[in-house]
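[1] only geometry, no sequence info:
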Ligand code: PRP
Ligand code: URA
């Protein structure tokens, strides 16, 4: 199952990110802002409860604090997934952060896992985040890594994907809902998304 999160403000911000002349700072700001917008869709089915804690409104009414029932872990795929975390944390400050170290071998395009650490939380919803869903290999390996360790309630939030990567993830993990801000046309012969936005990690961290 997947959802393309369509919104004119996302389209405007994404077009800034796609522009090769956009500098790292503006690229990161727009990435985090889109991640914040996407939270409305990714978390829209979560339930809340009235906690014991109460507070008073300026009009003198006593109310119970609303809290999320579901514990949430945000799990960025390193490195580029880090670029969405502040935007999500701004919307869901109670979310805990884990890290999944994964990179694509540049010739085989196969993902290589080098780090995995998620907080120990009872029955969490794990949202794996990464700006790019290209072949889908990294996302599939990240979901495999979570499930292998008992984290079975997983969603995947990416910015830009292509049909073949999306299909690969949906075939491998039909229970994982995938959220994208855009579904682009295709991959080029070196595994980059077309039109895409280039190497997300390099643009976030200024490594090229
Ligand atoms: C990029 C991107 C994804 C992966 C997508 O990471 O951030 O993790 O490629 O490609 P796939 O769908 O074909 O697996 P990269 O391996 O370049 O690592 P980085 O984040 O450290 O730059
Ligand atoms: N990883 C990226 O950073 N960009 C792409 O276009 C594909 C994979």
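    Ah, there it is. Note that this is a predicted model, so its numbers are computed, not measured. Ligands and ions are numbered 1, 2, ... in the order given.
[2] for the rest of this, base every contact and every neighbour count on C-alpha atoms.
    Will do.
[3] residue farthest from the centroid of the protein?
    residue 60 (39.7 Å; Cα atoms, centre = their mean).
[4] please pull out the lowest mean pLDDT helix or strand from this structure.
    When each helix and strand of the chain is scored by mean pLDDT, DSSP states H and E, strand 99-104 comes last, with a mean of 92.
[5] following that one, which helix or strand comes up?
    strand 111-117 (DSSP states H and E).
[6] figure out how far that following strand is from the centre of its chain.
    17 Å (Cα atoms, centre = their mean, to the nearest Å).
[7] buried residues in it?
    By 16 or more other Cα atoms under 10 Å, the buried positions in strand 111-117 come out as 111, 113, 116.
[8] quick one: average pLDDT of it?
    Averaging pLDDT along strand 111-117 gives 95.
[9] quick check, pLDDT for the residue farthest from the centre of the chain.
    pLDDT, residue 60: 98.
[10] now it: which helix or strand?
    Residue 60 belongs to no helix or strand, assigned by DSSP H and E.
[11] now the helices for the chain?
    Taking DSSP state H, the helices of the chain run over residues 8-18, 24-42, 85-91, 137-148, 163-172, 200-205.
[12] can you list those helices in TSV and add mean pLDDT?
    Listed next are those as TSV, based on pLDDT from 0 to 100:
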stretch	mean pLDDT
helix 8-18	98
helix 24-42	98
helix 85-91	98
helix 137-148	97
helix 163-172	98
helix 200-205	97
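[13] so residue 126 versus ligand 2, what's the distance?
    Distance of residue 126 to ligand 2, given as Cα to the nearest ligand atom, to the nearest Å: 22 Å.
[14] just list whatever residues bridge to that residue.
    Here residue 126 sits in beta bridges with residue 73, residue 154, as judged by DSSP bridges.
[15] I figured it was touching residue 150, is that so?
    No: with contact defined as Cα atoms under 8 Å, residue 126 does not reach residue 150; the gap is 10.9 Å.
[16] more crowded one of the two?
    Neighbour totals were compared for residue 126 and residue 150, and residue 126 leads with 24 against 10 (other Cα atoms under 10 Å).
[17] who's in contact with the more buried one?
    72-75, 151, 153-155 (Cα atoms under 8 Å, 6 or more residues apart in numbering).
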